[in-house]
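Engineer: Let me see the structure of the following:
(chains A and B)
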Amino acid sequence: AQSVTQLDSQVPVFEEAPVELRCNYSSSVSVYLFWYVQYPNQGLQLLLKYLSGSTLVKGINGFEAEFNKSQTSFHLRKPSVHISDTAEYFCAVTRGVSGGYNKLIFGAGTRLAVHP
Amino acid sequence: NAGVMQNPRHLVRRRGQEARLRCSPMKGHSHVYWYRQLPEEGLKFMVYLQKENIIDESGMPKERFSAEFPKEGPSILRIQQVVRGDSAAYFCASSTDRGPGNEQFFGPGTRLTVL
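Structural biologist: Presented below is the predicted three-dimensional model:
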């Protein structure tokens, strides 16, 4: 079975500062990894995903994440945040096997609060 | 192309009543997933359906919960005899294909409150 741990439940940061949201996963099989953002009272929007290839993945809104297989991590980063980045961020995994389907396993979420 | 639509957005039920949550996937999407988000928690998988078929319901409580995705019309998540612990946000997502790399597009959710 797969599991996801998001190490920080809340991350406060000042506008234009860099930020890293941490995600570790556990799995006995290969995985695909995702980061989603949820704005208040809205559904989830995909920020980026890692399926294979380059371990550095670039997504929307200036976010990027790096897959580290040895550390089983997929941390999300942004070099300079904006007020509008204030939201809840979820890391998710799914089994990366052919013939499988996209049953997502989510972490508990990290609330990013950007202050002026 | 409209996104995934869910209705109602907010639903209030008294204990013992039934709750029916509807999800219309994006046009051309025949795969639907339901997730539940309890307060202060991440989303938990409930059920995966293709048109007219339940593929995986391993995340659904064994009693009171059921889901369908008929040939015509939206997918329905039904909760019978609701209890306070059913209060949560219920999200559905749709995709074009079943492969694990296919993006799931999420709806805005239905927030169920059980009094």
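Engineer: Would you mind listing what in chain B touches chain A?
Structural biologist: In this structure, chain B approaches chain A at residues B:4, B:31, B:33, B:35, B:40-45, B:48, B:55-56, B:91, B:93, B:95, B:98-104, B:106-109, judged by Cβ under 8 Å from any Cβ of the partner chain. C-betas here are computed from N, CA, C, even on glycine.
Engineer: From the residues you listed, keep the buried residues only.
Structural biologist: Applying a neighbour-count criterion of 16 or more other Cβ atoms under 10 Å in any protein chain shown, the buried members of those are B:4, B:31, B:33, B:35, B:42-43, B:45, B:48, B:91, B:93, B:95, B:98-101, B:104, B:106-109.
Engineer: Give me the subset of those that lies in strands.
Structural biologist: Filtering these for membership in strands, criterion DSSP state E, returns B:31, B:33, B:35, B:43, B:45, B:48, B:91, B:93, B:95, B:106.
Engineer: which ones are touching A:P12?
Structural biologist: A:113, A:115 (Cβ atoms under 8 Å, 6 or more residues apart in numbering or on different chains).
Engineer: For it, give me the backbone phi and psi.
Structural biologist: Dihedral angles phi and psi of A:P12 (degrees, to the nearest 10) take the values phi -90, psi 140.
Engineer: correct me, but A:A65 touches A:S54?
Structural biologist: No. Here A:A65 lies out of contact with A:S54, judged by Cβ atoms under 8 Å, at a distance of 11.2 Å.
Engineer: ok, these two, which is more surrounded?
Structural biologist: The residue with more neighbours, out of A:A65 and A:S54, is A:A65; 27 against 9, by other Cβ atoms under 10 Å in any protein chain shown.
Engineer: so the more buried one bridges to which residues?
Structural biologist: Beta bridges link A:A65 to A:V57, A:L76, judged by DSSP bridges.
Engineer: Burial check on the closest residue to B:Q37 other than its chain neighbours, number of neighbours?
Structural biologist: Sequence neighbours aside, B:A89 is the residue nearest to B:Q37 in space, at 4.4 Å (criterion: Cβ to Cβ, 6 or more residues apart in numbering or on different chains). Using other Cβ under 10 Å, B:A89 is surrounded by 19 other residues.
Engineer: show me the contacts for B:A89.
Structural biologist: Contact partners of B:A89, counting by Cβ under 8 Å, 6+ apart, are B:36-37, B:109-112.
Engineer: go again using 10 Å as the cut-off
Structural biologist: Residues touching B:A89, when contacts are defined by Cβ atoms under 10 Å, 6 or more residues apart in numbering or on different chains, comprise A:38, A:41, A:43, B:10, B:35-39, B:43, B:108-112.
Engineer: Separate out the buried members of the residues you listed.
Structural biologist: Burial of the contacts of B:A89 was assessed by neighbour count (16+ other Cβ under 10 Å); the buried members are A:38, A:43, B:35-37, B:43, B:108-112.
Engineer: which SSE is the most centrally placed residue in chain A in?
Structural biologist: For chain A, the residue whose C-alpha lies nearest the mean C-alpha position (Cα atoms, centre = their mean) is A:W35; its distance is 3.2 Å. A:W35 belongs to strand A:31-38 when assigned by DSSP states H and E.
Engineer: Report the mean confidence score over that strand.
Structural biologist: For strand A:31-38, mean pLDDT rounds to 93.
Engineer: List the contacts of the closest residue to A:G43 other than its chain neighbours.
Structural biologist: Beyond its immediate neighbours in the sequence, the residue positioned closest to A:G43 (Cβ to Cβ, 6+ apart) is B:F106, lying 3.7 Å away. Contacts here follow Cβ under 10 Å, 6+ apart; on that basis B:F106 touches A:36, A:38, A:42-46, B:3-4, B:6, B:33, B:35, B:43, B:91-94.
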